[in-house]
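Student: sequence and predicted structure are below.
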Amino acid sequence: MPKLYAISDLHVEVTVNREALERMPNYPEDSLILAGDIANTYASLKAALELLNTKFKQLIWVPGNHELWNEDNGNSDLKGVKKYDALVELCRSLNVITPEDPYPVWESKSADGNNTNYTNYVIAPLFLLYDYSFRPDHVSREGALKWAAEMKIGCTDEHRLNPAPFKTRDDWCESRLRYTETRLLETQEKGPFILINHYPLRQEFIRFKRIERFSLWCGTRATHDWHTKYPTHVAVSGHLHMRATDYRDGVRFEEVSLGYAKHWHHDKGIEGYLREILPGPSKKLLDHGPTWHF
């Protein structure tokens, strides 16, 4: 039975990550979700997608913040929406599904005695960004960056993720939220969703200890109820470099990042970090705390 796997945060500019990706076995019957932060540049993403296309039947990609960073330290005009659009066109040239393409339907079958049951899942790659709302209620939007800086926390996005032509990343996020909700509403009757976003949909899954205030750059409160607002089977995300499986309201949440060299065991290979999304576990579990993946 074909499988749908997921991984994110491959960061192929890291030598050990890139070399491990090259050694990864082939999965010719299976598909792979790439939940963002695969590469920092257009050229690096192109090389990674070309390689992964030889290993999997179908790739599904959503951007992370690293893919959206300005090229050439901001000296190139490939930034903001213009860069995102260029990456979408790159993916399309390689037959990689993006958040701008029709959502594909995955038919899954399971055996129940002598009967075979079929379920259609809608694979929904999302691009939503963040709006600094993952912060305490007493911290205003205007004071959010100062609040993070009090603990010497910042983010490279403030210098390298240009939202042009939007005035702010908040504005770009709001636009993406409106666009995406329209598409989800139009598609939800086709089957439960596999929601794929680089950032977690719920703030509670951000479990930083030493860099707690980095949460500002990790998503938006606007998606807190999306797993129940829209029929959802699994929600996939990355970004945190903290691999875990959670259940909320009967929905499975998978954080699937690899991370930098220090965040994973090299002897397992990247194949050891592929998370099976479909068919996935045969039994739906009740809500519980995280199952950590090391």
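Tutor: Looks like it arrived, so ask away.
Student: surely Arg141 is in a strand?
Tutor: No. Arg141: not assigned to a strand; according to DSSP: H, G, I helix; E, B strand; the rest coil it is coil.
Student: contacting residues around the closest residue in space to it that isn't next to it in sequence?
Tutor: Counting by Cβ to Cβ, 6 or more residues apart in numbering, Arg141 lies nearest to Tyr132, which is 5.8 Å off, once chain neighbours are set aside. Just so you know, the C-beta spots here come from the backbone N, C-alpha and C atoms, and that holds for glycine as well. By Cβ atoms under 8 Å, 6 or more residues apart in numbering, the contact set of Tyr132 is Arg141, Ala144, Leu145, Asp170, Leu216, Trp217.
Student: over to Lys3?
Tutor: Tyr27, Glu29, Asp30, Ser31, Glu276, Leu278, Pro279.
Student: how far does the lengthiest helix in the chain sit from the chain's center?
Tutor: Looking across the chain with DSSP state H, the single longest helix is helix 169-187. Relative to the mean C-alpha coordinate of its chain, helix 169-187 is positioned 16 Å out (Cα atoms, centre = their mean, to the nearest Å).
Student: residues making contact with that helix?
Tutor: Under the contact criterion Cβ under 8 Å, 6+ apart, helix 169-187 has outside partners 80-81, 99, 103, 122, 124, 126-132, 141, 157, 161, 163, 166, 193, 220, 222-223, 226, 230.
Student: what of stretch 140-147?
Tutor: For stretch 140-147, contacts defined as Cβ under 8 Å, 6+ apart pick out Tyr132, Ser133, Arg135, Val139, Gly154, Glu158, Asp170, Arg213, Leu216.
Student: now the buried members of those.
Tutor: Buried members of the contacts of stretch 140-147, counted by 16 or more other Cβ atoms under 10 Å: Tyr132, Ser133, Arg135, Asp170, Arg213, Leu216.
Student: return the subset of those residues lying in helices.
Tutor: Asp170.
Student: report the two of the buried ones among the contacts of stretch 140-147 separated the most.
Tutor: Asp170 and Arg213 (17.4 Å; Cβ to Cβ).
Student: pLDDT of stretch 253-260, averaged?
Tutor: Stretch 253-260 shows an average pLDDT of 98 in the prediction.
Student: endpoint to endpoint, that stretch covers what distance?
Tutor: 22 Å (Cα to Cα, to the nearest Å).
Student: residues of it that come out buried?
Tutor: Those would be Phe253, Glu254, Glu255, Val256, Ser257, Leu258, Gly259, for stretch 253-260 by 16+ other Cβ under 10 Å.
Student: wait, the fourth one sits on Thr245?
Tutor: In this case it means Val256. No. With contacts counted by Cβ atoms under 8 Å, Val256 stays clear of Thr245, the gap being 9.4 Å.
Student: still on that earlier bit, buried subset of the contacts of Lys3?
Tutor: By 16+ other Cβ under 10 Å, those give Tyr27, Asp30, Ser31, Leu278, Pro279 as buried.
Student: all the helices of the stretch 101-250 of the chain, residue numbers only.
Tutor: In the stretch 101-250 of the chain, the segments counted as helices under DSSP state H, counting those that start in this stretch are 144-149, 157-160, 169-187, 226-229.
Student: mean confidence for the longest one?
Tutor: For helix 169-187, mean pLDDT rounds to 98.
Student: residue contacts, the spatially closest residue to Gly191 that is not a sequence neighbour?
Tutor: Nearest non-adjacent residue to Gly191, counting by Cβ to Cβ, 6+ apart: Asn120, 3.6 Å away. When contacts are counted by Cβ under 8 Å, 6+ apart, Asn120 is found next to Val105, Trp106, Glu107, Ser108, Lys190, Gly191.
Student: just the buried ones from the residues you listed?
Tutor: Neighbour counting by 16+ other Cβ under 10 Å classes Trp106, Ser108, Gly191 among those as buried.
Student: in strands, which of those residues appear?
Tutor: Judged by DSSP state E, the buried ones among the contacts of Asn120 include Trp106, Ser108 as members of strands.
Student: identify, from the buried ones among the contacts of Asn120, the entry nearest to Gly36.
Tutor: Trp106 (20.0 Å).
Student: so the closest one sits against Leu278, correct?
Tutor: Yes. Judged on Cβ under 8 Å, Trp106 makes contact with Leu278 at a distance of 6.0 Å.
Student: what do these two both touch?
Tutor: Common neighbours of Trp106 and Leu278, using Cβ under 8 Å, 6+ apart, are Leu4, Tyr121, Ile194.
Student: how about the longest helix of the chain: buried residues?
Tutor: So for helix 169-187, counting by 16+ other Cβ under 10 Å, buried means Arg169, Asp170, Trp172, Cys173, Glu174, Arg176, Leu177, Thr180, Glu181, Leu184, Thr187.
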